[in-house]
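Q: Build me a model:
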Amino acid sequence: MKGLFAILLTVGLFAASYVVSALISFDLTWILIGITSLWAGIDSKRIELHRYKLGLACRPVALFCCCYLLWIFIFPWYLWARRRIKDGTVALKEEPTPNVGPLRRFLRRFSRVAERATEWGLIGLVGLKIAFLLFCIEESWRGPRVWEQYEHELAARGETFDWDALIPPPVPDSQNFFSVPMMSAWFIKPSGNVITDDLAKRLNYTNTSAPVEIAELTVGSPGAHLDPTGGEVRLQFNDPQSARRAKTLVQNLAGPTVFGARGADTLAARPVAANSIQPTRIFLEANTQPTIRDFIGFLGDNNNSISGPLTVRPAGTNSFRVFTSFGIASDYLKWSDQFQGDFARMREAVKQPYARMDGDYSYPPTMPIPGFVNIRAVSQTLAQRAQCYLLLGQPEQALQELTLLNDFRHVLEGAPTGKPMPLVSTMINVAITGLYVDTIADGFRLHAWKQPQIITLQKQLDQINLAPLLKESFHDEQVSACRIFQTAMAQFEIQRVPNATLWQKIKNLRPPNIVRGFFFFNMLNAAKLEQEVVDSIDVSQKVVLLQKLAEFQREEAALGHHFQPYKLLAAIAVPNYSRAVQTFAYNQTKANEAQIVCALERYRLAHGEYPKTLNELLPQFIDKLPHDIIGGQPLKYRRTADGQFVLYSVGWNETDDGGQLSSFPHDKGDWSWQ
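A: Numbers count the residues shown, from 1 in each chain. Below is the predicted model:
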């Protein structure tokens, strides 16, 4: 009964302190533990606890330490022991006999030493605990102030970490793209068990034709002797003109062809019989063995995708065979015409000035995001329809498909505010831009575009400016991470609810948040790390600052190699954004080059040849020449001996390689127009 009483008294004290804490919104339990532990230590000295046979008859300091560390167990035990001592039901320890043998004296002395060591060990543990608590309290005080100082520094630059300020205001349904019937169902990623129209599956086209061998590749060292009767074409792997010639050889083997935007077929203007194709034999000079992806990029697949329309198979030492499946342009158009009603609905929808997705924006993870799968399927279908029209010599119809694709891209910009701009939205926009420009390039290669379409395309290309969108996305990702950190911290804070009942106050009570400093410093380091990515994009100059990005890469890599408590959550919250920046820079460069190519073609139509320098395009054919987004210098241009031209950016390595083509992931070589 005495033991039960001690337990009930301990639980009662704890419950009473919890209720009082809830009433005053301040946790008193730690004060209760400290006071009762101190009382137990003092009281144990008064009743001489160490003289009794109680199993745990420790000295006052040791008892205080044990009680402070394990209060829920030691305090009721002490109450029970104290009661037994008061009742006289516990025996005293036997007094040590003076005349004992050496072994017993050693054991007695060892016992005293062990008691002292245990006591000092407990004191050390309590000291460490108190020091840790004091450190956490100091850091919990310092963390918010350091964070506020950083907020003020960015506020002076016009930046804010207020997530609520990013929430877009409601817009009229009559002016909202996503309020048009089926647009939300198609292009907003569903949550939970919501069933939507699976547009991507309906747009999936299957070509049943068998793969056809279109090329035989042999890789050798530069200058190697060739059999003159072998019919091989000698090309250099790092030469942009060789790459352009290889693409022409492969794609003109069965008449005019293009690699389909859907990534599965090579589209042809007319039916292709396997027995009518004589594979092109190419001897490829290269200093090092190219990869399969390098081969695909060299042969003209702009996506450099292993799962694309080209299949490269080894055929022996340094020999490879290239296969593709041919699809017929008219067949694909006939099949995809069944979706004309859906495309007409999209054409009406993109006329709306706003594109606000309905949903819960209060917490970033619950915010609505675009449905990537359907958007990709629609974009690829529109691009492939444009390719088919180009093959069939119908550039005006191709322009209509590309115009819808370009307008569809603007939906992802989230008008009217463009905030919050999820990174996934911007990267889909970047991908669509690349698809749009690749299709324009196909038209130029096929000599399908005429003057009216070129002028329209040049105007559309001039409006492509992805830098502000990506910078806003990185900033919004930064603010999003801060809101998530703040929400996590709130779980450890007492929630003050106006006019709350006692039960609500009890439920909302939290222990002192000794980890506030940990959260604040992690949030600070995550924000600083992401700020380096934000600063790597100079919107006013339209350039990527690779030095800033390199700093981010170094610090981001260091997070995974060293354990740093104040960067532990930052390492989880901040992904490697470098690839996103590189993809944006590559596709924006392609759009800038396409704009210049439109001006070059207009110049050629007017003068019969390409200009010697790009400055000859000003101002009749282009108002302002886009510069290289890498470094900010003019894009490289030269007219070749065969009357064509080479146009390129120095690329991700910031080195002028003379127009050498880069393969995926485009971190080596130049970003050359193909």
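Q: now the host helix or strand of L647: how far from the chain's centre is it?
A: Using DSSP states H and E, the element containing L647 is strand 645-649. With CA atoms, centre = their mean, to the nearest Å as the basis, strand 645-649 stands 31 Å off its chain's centre.
Q: Name the surrounding residues that touch it.
A: 240-241, 589, 593, 596-597, 600, 610, 628-630, 635-640, 659, 670-673 (CB atoms under 8 Å, 6 or more residues apart in numbering). Where you see a C-beta, it was placed from the backbone N, CA and C, and this is true even at glycine.
Q: what do you get if the cut-off is 7 Å, keeping everything else the same?
A: Outside strand 645-649, the residues that touch it by CB atoms under 7 Å, 6 or more residues apart in numbering are 240, 589, 593, 596-597, 600, 610, 628, 630, 635-640, 659, 670-673.
Q: Nearest spatial neighbour of T381, chain-adjacent residues omitted?
A: Spatial nearest neighbour of T381, excluding adjacent residues (CB to CB, 6 or more residues apart in numbering): L203 at 5.0 Å.
Q: How much space separates the one you found from Y363?
A: Plainly put, L203 is 33 Å away from Y363 if you go by CB to CB, to the nearest Å.
Q: Pull the number of nearby residues for L549.
A: By the measure other CB atoms under 10 Å, the count of residues near L549 is 20.
Q: Which helix or which strand is home to E138?
A: helix 102-155.
Q: I meant F283, not that one.
A: Taking DSSP H and E as the definition, F283 sits inside strand 280-285.
Q: how about the very next helix or strand once past that strand as PDB, C-alpha atoms only?
A: Next along the chain after strand 280-285, taking DSSP H and E as the criterion, comes helix 292-298. Presented in PDB, the C-alpha positions along helix 292-298 are these (Å, rounded to 0.1, in the frame of the first residue of the first chain):
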ATOM      1  CA  ILE A 292      25.800   4.900 -76.900                       C
ATOM      2  CA  ARG A 293      24.300   8.200 -75.800                       C
ATOM      3  CA  ASP A 294      27.100  10.100 -77.600                       C
ATOM      4  CA  PHE A 295      26.300   8.100 -80.800                       C
ATOM      5  CA  ILE A 296      22.600   9.000 -80.600                       C
ATOM      6  CA  GLY A 297      23.300  12.700 -80.100                       C
ATOM      7  CA  PHE A 298      25.800  12.700 -82.900                       C
END
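Q: so what does helix 292-298 touch, helix or strand wise?
A: With contacts taken as 3 or more CB pairs under 7 Å, 6 or more residues apart in numbering; DSSP states H and E, helix 292-298 sits against strand 310-314.
Q: still on that earlier bit, more neighbours: which of L203 and Y363?
A: Ranked by neighbour count (other CB under 10 Å), L203 and Y363 place L203 first, with 20 against 12.
Q: quick one: the more buried one from F320, how far?
A: 33 Å.
Q: In this structure P211 contacts V322, no?
A: No: if you go by CB atoms under 7 Å, P211 and V322 don't touch, sitting 9.9 Å apart.
Q: Neighbour count for those two, which is higher?
A: Counted by other CB under 10 Å, P211 and V322 do not tie: V322 has more neighbours, with 23 against 16.
Q: still on that earlier bit, report the buried residues of the strand holding F283.
A: Of all the residues in strand 280-285, those buried under the rule 16 or more other CB atoms under 10 Å are T280, I282, F283, L284, E285.
Q: I figured the third one hits T218, correct?
A: Yes: shown here, F283 and T218 form a contact pair, counting by CB under 7 Å, at 5.1 Å.
Q: Out of the contacts of strand 645-649, which sit inside strands?
A: K636, Y637, R638, R639, W671, S672 (DSSP state E).
Q: picking up where we left off before, list residues touching both of F283 and T218?
A: Residues touching both F283 and T218 by CB under 7 Å, 6+ apart: E232.
Q: Model confidence at T433, what's the number?
A: For T433, the model assigns a pLDDT of 96.
Q: Excluding chain neighbours, what is closest to it?
A: Distances taken as CB to CB, 6+ apart place N587 nearest to T433, at 4.9 Å, with adjacent residues excluded.
Q: measure the one you found to A264 for me?
A: 22 Å.
Q: Of the two, which one has the most company?
A: N587 (25 against 19).
Q: now the more buried one, what's its secondary structure?
A: Three-state call for N587 (DSSP: H, G, I helix; E, B strand; the rest coil): helix.
Q: check contacts around it.
A: The neighbourhood of N587, defined by CB under 7 Å, 6+ apart, consists of V430, T433, G434.
Q: State the number of residues packed around the closest residue to A441 other than its chain neighbours.
A: Distances taken as CB to CB, 6+ apart place Q674 nearest to A441, at 6.3 Å, with adjacent residues excluded. Counted by other CB under 10 Å, the residues lying close to Q674 total 20.
Q: Same question for A415.
A: The number of residues packed near A415 is 17, by other CB under 10 Å.
Q: which stretch of helix or strand covers it?
A: Here A415, judged by DSSP H and E, is contained in no helix and no strand.
Q: quick revisit: tell me which of the contacts of N587 fall in helices.
A: Counting by DSSP state H, the contacts of N587 place V430, T433, G434 in helices.
Q: And these, which is closest to K624?
A: The nearest member of the ones in helices among the contacts of N587 to K624, counting by CB to CB, is T433 at 19.4 Å.
Q: what packs against the helix holding E138?
A: Applying 3+ CB pairs under 7 Å, 6+ apart, we find helix 102-155 packed against helix 60-69, helix 516-535.
Q: Tell me the helix or strand right after the longest one.
A: Put plainly, it is helix 516-535. strand 537-538.
Q: Tell me the strands beside that next one, with direction?
A: Paired strands of strand 537-538, with direction, are strand 543-544 (antiparallel) (DSSP bridges).
Q: What lies in contact with the partner strand?
A: Counting by CB under 7 Å, 6+ apart, S536, I537, V581, A585, I629, I630, G631, G632 sit against strand 543-544.
Q: again, only using 10 Å
A: Contacts to strand 543-544, defined as CB atoms under 10 Å, 6 or more residues apart in numbering, come from residues 467, 470, 536-538, 581-582, 584-585, 588-589, 627-633, 652.
Q: any idea how far V437 is from W30?
A: Going from W30 to V437 by CB to CB gives 63 Å.
Q: which of these two has more neighbours?
A: Taking other CB under 10 Å, W30 and V437 do not tie; V437 has more neighbours (26 against 15).
Q: can you tell me which residues contact the closest residue to E593 other than its chain neighbours?
A: Once flanking residues are discounted, E593 sits nearest to W673: 4.6 Å by CB to CB, 6+ apart. The contact partners of W673, taken as CB under 10 Å, 6+ apart, are 240, 244, 437, 441, 444, 589-590, 592-594, 596-597, 600, 635, 637, 645-649, 659.
Q: Now do W673 against A131, distance only.
A: 65 Å.
Q: now swap in G255 and tell me
A: For G255 relative to A131 (CB to CB), the value is 81 Å.
Q: which element follows the helix holding E138 toward the C-terminus?
A: Moving toward the C-terminus from helix 102-155, the next element (DSSP H and E) is helix 183-187.
Q: got a list of contacts for that next one?
A: Under the contact criterion CB under 10 Å, 6+ apart, helix 183-187 has outside partners 176-178, 180, 190, 194-200, 342, 345-346, 348-350, 352, 355, 357-359, 368, 370-372, 374-375, 377-378, 408, 411-412.
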